[in-house]
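1. Sequence first, then the predicted structure:
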Amino acid sequence: TILLSKKGKVIPVDHRAAPITDEAGSTSGVVLAFRDVSRQKKTEEELIQSYDRLKQAMDGTVQAMAYTIETRDPYTAGHQHRVALLAMGIGRKLGLSANTIEVINVAGLLHDTGKIAVPVELLVKPASLTPLEMDLMKVHPQASYDIIKDIPFVESLGKDVSILVLTHHEHLDGSGYPGGLMGAQLEQEAKILCVSDVIEAMSSHRPYRPALDMISAKQEIISKKGKIYCPECVEACLELIEESGNDARRLFSFLAKEAGKEIRE
């Protein structure tokens with residue numbers, strides 16, 4: 001409660017009230033006790049400001065790490081950003097909490113950080129990868145995990161982001177990598193990232209093929225729903241795509257606006 005002194009000074013106070021009763025139990029009055037909590041309020045405000053500074057530092061670090069890998073792979077510049085946008089959109093469709101959506105955002109922005117361990121020749125190769133080259137490419141989730149697992153700011157989110165990054169290429173039926181994990185072993189956020197990653201990848205240009213239309217991308221997740229991709233994540237993603245008129249540019253522009261972020265081409 002705020003009290004105003006006669007001189008107009010604003011004083012934040014905590015207050016308690018207790019009834020004054022007689023022997024018959026009748027209430028004849030009330031005792032009010034006030035405690036000045038100005039120092040406590042100041043401390044709380046300082047903590048909030050400190051948290052805001054840490055949050056800004058975390059956001060800046062995440063963005064810098066995301067941009068680092070994109071400088072090595074110009075063909076997928078913006079990929080992590082768009083995956084994060086779509087994953088957050090799916091999370092909102094599923095009614096997830098604001099904190100969980102922020103976890104998804106960070107995981108999306110960092111999920112391909114491990115590609116820094118992949119030879120750049122493979123990242124920009126204008127042809128399909130050979131089986132051996134594909135095996136080399138498959139090291140990136142583990143490399144991403146190794147890079148971010150000990151970063152303190154990741155822990156502050158209350159969820160192990162490094163595990164989500166590690167498992168974003170795992171499938172419900174165990175056919176994914178690097179661990180061959182199955183449905184019940186996967187976090188919901190990792191399942192969301194898996195769907196978001198494939199939709200963004202198919203609808204964007206790659207050095208070995210032009211962008212595919214959104215109908216083809218939709219068919220991929222529809223045909224493998226329940227086998228590779230989480231059904232509820234697929235349905236939420238399909239809703240977003242259809243609301244955008246099956247247009248990738250419109251989809252990501254809408255998601256960026258909804259998240260209060262700038263779209264990166």
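-> That came in fine, so what should we check first? Treat the numbers as computed from the prediction; the structure is a model and nothing was measured. Numbering: from 1, shown residues only.

2. quick one: least confident helix or strand in this protein?
-> When the helices and strands of the chain are scored by mean pLDDT, DSSP states H and E, helix 152-155 comes last with a mean of 66.

3. Pull the helix or strand following it out as CSV, backbone CA atoms only.
-> Downstream of helix 152-155, the first helix or strand assigned by DSSP states H and E is helix 161-166. What follows is helix 161-166 as a C-alpha-only set of coordinates in CSV (Å, rounded to 0.1, in the frame of the first residue of the first chain):
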residue,chain,number,x,y,z
VAL,A,161,18.6,-25.7,-23.3
SER,A,162,21.7,-27.8,-24.2
ILE,A,163,19.6,-31.0,-24.2
LEU,A,164,17.0,-29.4,-26.5
VAL,A,165,19.8,-28.4,-28.9
LEU,A,166,21.3,-31.9,-28.7
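
4. Would you mind listing the buried residues in the lengthiest strand in the chain?
-> Counting residues, the longest strand in the chain under DSSP state E turns out to be strand 10-21. Neighbour-count burial for strand 10-21 flags Pro12 (criterion: 16 or more other CB atoms under 10 Å). All C-beta atoms are positioned from the backbone trio N, CA, C, and that covers glycine.

5. For that strand, name the packing helices and strands.
-> Counting contacts by 3 or more CB pairs under 8 Å, 6 or more residues apart in numbering; DSSP states H and E, strand 10-21 packs against strand 2-4, strand 27-36, helix 38-72.

6. want to throw the ones you listed into CSV with mean neighbour count?
-> What follows is those, written out as CSV (neighbours: other CB atoms under 10 Å):
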stretch, mean neighbour count
strand 2-4, 9
strand 27-36, 10
helix 38-72, 13
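
7. and those, which one is worst for confidence?
-> Lowest mean pLDDT of the helices and strands packed on strand 10-21: helix 38-72, a mean of 77.

8. Can you name the element that comes right after it?
-> Toward the C-terminus from helix 38-72 - assigned by DSSP H and E - lies helix 79-93.

9. what's in contact with that next one?
-> If you take CB atoms under 8 Å, 6 or more residues apart in numbering as the criterion, helix 79-93 is touched by 66, 69-70, 100-101, 104-112, 189, 192-193, 195-197, 199-201, 204, 233, 236-237, 239-240, 251-252, 255-256, 258-259, 261, 263-264.
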